[in-house]
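[1] sequence below, structure please.
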Amino acid sequence: METDNYIPRGVDGYAFDETLTGRHMVFLAGPRQVGKTRLARHWLAKKGCSSLYFNWDDIATRQAYVKDNRFFESPARSLAVHDPRIVFDEIHKRHSWRDILKGIYDLFGEEFRFLITGSARLDLFRRSGDSLVGRYNLFHMMPLSLGEVVHERSTSCFLEEMNNEAVCRAFERGVSGTLDPEWVEACADLYRYGPFPEPFLKQNDRFCRKWHQDYITLIVREDLRDISRVAELDKVENLLFLMPSRIMSPLSMPGLARDLEVAHTTVKSWLEQLKRLYTLFPVSPWKKKISRGLKKEKKWYFLDWYYAPDGPARLENMAATYLHRACLAMTDMGYGDYHLHYIRTLDKKKIDFLVVRDSHPLMAVEVKVSETAPSKTLMERHRWSVESPTLGIQLVDQRSVLKKYEENTWVVSVERFLRLLV
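    The predicted structure follows:
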């Protein structure tokens, strides 16, 4: 059943698809306050299993486990439903949580379905020795998409097509046609309030400003301290305050280090920790088939573009977030290994974003505020950087723009493009 203001999320259209996951545990990772718990409770309610939500931050859950490591079994069986659904929230904060889940799955994996929700540690543990191999599938829950906001979520995207020609044809089919005004309004609201559910649904400027101020404090003072040994939390906060002015350009680590009065290796470490907390994410330079040299530094963006300055920086950050989200989703759905890059050569040719699948370029994206003529670099991209027939998109913050040019190049309104992404 749906509760007031509940926004159905696209990830539950594939994370619970048995053709994709079999009977594996579903791990759902994502940033703090993105809506993971609400989605989990909604999933349980639909299956008649609302009572089988267990939050391991709750002392009662931890005590129940100490007394009986099968504490969930009797409540699950007493419901008399087929394949009872069970949610373990925040279990990754407990010592030896992987061994706990391994034992539970080995005993009950054929009878119960398990959803495990969490944030940084849940995604991070894959980088170390993993006792859960073959027992889980990991999915990412990102902030709100444009389709979710207008209640037209989608689990398909033109980027899933298996070759570049098919990607171009699928894009043309999807982008053409009329666009309801609600899409334009929703895009404007997302730009203004950001993509996290609480401030977006509230749509109050003062509340939104206060929420975003508190969110940074929570990330640094609680979550960062939880996953790392970083002691200089004030300087990490200062780093986040310095990042908005550096959004659109490759990030100079030495320059940022000088401003913070720390070593550049320290800055690099802090950025990686903030990436794990889904606060910032990097976009690396594309290095293949560029003969005139390139910039090596990564560009960094906020997952929540609200922190970017209003204007070109926020528009580019918004586009970056949705492209990053699409790459994660398409990879999670098993269509390939998707990554987001940028191109910037030493002779000043640049493309803001390049979507790559299995090391093969699919789509180049430029972001402009008002230029409705395609950039020369985008039009000539096949001559010097990426393989033909890569789809080329120029996003503009202008309504009702939909133009097609040669070489599979388009100029489109930002909302018309974003509605096509998962």
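
[2] so who does the residue nearest to Leu159 when sequence neighbours are not counted touch?
    The shortest distance from Leu159 to any non-neighbouring residue, by CB to CB, 6 or more residues apart in numbering, is to Met330 (5.7 Å). Using the backbone N, CA and C atoms, a C-beta is placed for each residue, glycine as well. With contact taken as CB atoms under 8 Å, 6 or more residues apart in numbering, Met330 is in contact with Cys157, Leu159, Glu160, Gly336, Tyr338, Arg357, Val422.

[3] need the three-state assignment for the fourth one.
    For Gly336, the reduced secondary structure class is coil; criterion used: DSSP: H, G, I helix; E, B strand; the rest coil.

[4] my guess is it contacts Ser359. True?
    No. Checked against CB atoms under 8 Å, the pair Gly336 and Ser359 is beyond contact range at 9.8 Å.

[5] of these two, who's got more company?
    Between Gly336 and Ser359, counted using other CB atoms under 10 Å, the more crowded position is Gly336 (18 against 10).

[6] and the gap between the more buried one and Gly134?
    21 Å (CB to CB, to the nearest Å).

[7] ok so, going back, just among the contacts of Met330, which is most surrounded?
    Counting by other CB under 10 Å, top hit in those: Val422 with 26 neighbours.

[8] ok, the contacts of Met330 vs Leu20, which is closest?
    Glu160 (13.1 Å; CB to CB).

[9] what pLDDT does the model give the closest one?
    pLDDT for Glu160: 96.

[10] the closest residue to it other than its chain neighbours - how many residues pack around it?
    Closest residue to Glu160 apart from its sequence neighbours, by CB to CB, 6+ apart: Tyr335 at 4.6 Å. Here the number of neighbours of Tyr335 (other CB under 10 Å) works out to 17.

[11] ok, now Glu182?
    Glu182: 12 neighbours (other CB under 10 Å).

[12] for His339, give me its contacts.
    Ser284, Cys327, Val355, Val356.

[13] give me that answer again for 6 Å
    By CB atoms under 6 Å, 6 or more residues apart in numbering, the contact set of His339 is Val356.

[14] 26 is where my numbering starts, stick with that
    OK, 26 is where the count begins now, so the last one is His364.

[15] does Arg246 count as helix, strand or coil?
    Under three-state DSSP, Arg246 comes out as helix.

[16] which one is it nearest to, not counting chain neighbours?
    Leu258 (6.2 Å).

[17] touching, the one you found and Glu247? I think so.
    No. If you go by CB atoms under 6 Å, Leu258 and Glu247 don't touch, sitting 10.1 Å apart.

[18] who's more crowded, these two?
    Leu258 (13 against 10).

[19] the more buried one and Val106, how far apart?
    With CB to CB as the criterion, Leu258 and Val106 are 46 Å apart.

[20] which stretches of the stretch 126-275 of the chain have low pLDDT?
    Residues of the stretch 126-275 of the chain that meet the criterion pLDDT under 70 lie in 146, 148-155.

[21] 90 - rerun?
    143-159, 177-181, 247-256 (pLDDT under 90).

[22] does Trp435 sit in a helix or strand, and which one?
    Using DSSP states H and E, Trp435 maps to strand 434-438.

[23] can you list the strands that that strand pairs with?
    Partners of strand 434-438 in the sheet, by DSSP bridges, are strand 416-421 (parallel), strand 427-430 (antiparallel).

[24] quick one: contacts for Gly172?
    Here Gly172 is in contact with Arg178, Ser179 (CB under 6 Å, 6+ apart).

[25] that one: what secondary structure?
    Secondary structure of Gly172, per three-state DSSP, is helix.

[26] now do the helices in the stretch 226-375 of the chain.
    For the stretch 226-375 of the chain, applying DSSP state H, counting those that start in this stretch gives helices covering 230-243, 250-252, 258-267, 278-285, 289-301, 337-357.

[27] centre of the chain versus the longest one, how much separation?
    In terms of CA atoms, centre = their mean, to the nearest Å, the centre of helix 337-357 is found 7 Å from the chain centre.

[28] can I get it in CSV, CA atoms only?
    Output of helix 337-357 as CSV, limited to C-alpha atoms (Å, rounded to 0.1, in the frame of the first residue of the first chain):
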residue,chain,number,x,y,z
PRO,A,337,25.9,26.9,-15.3
ALA,A,338,27.6,25.0,-12.4
ARG,A,339,24.4,23.7,-10.9
LEU,A,340,23.0,22.7,-14.4
GLU,A,341,26.2,20.8,-15.2
ASN,A,342,26.2,19.2,-11.7
MET,A,343,22.6,18.2,-12.2
ALA,A,344,23.4,16.6,-15.6
ALA,A,345,26.5,14.9,-14.1
THR,A,346,24.4,13.4,-11.2
TYR,A,347,21.8,11.9,-13.5
LEU,A,348,24.4,10.5,-15.9
HIS,A,349,26.3,9.0,-13.0
ARG,A,350,23.0,7.6,-11.6
ALA,A,351,22.2,6.1,-15.1
CYS,A,352,25.6,4.4,-15.3
LEU,A,353,25.2,2.8,-11.9
ALA,A,354,21.7,1.6,-12.7
MET,A,355,22.6,0.2,-16.1
THR,A,356,25.5,-1.7,-14.5
ASP,A,357,23.3,-2.9,-11.7
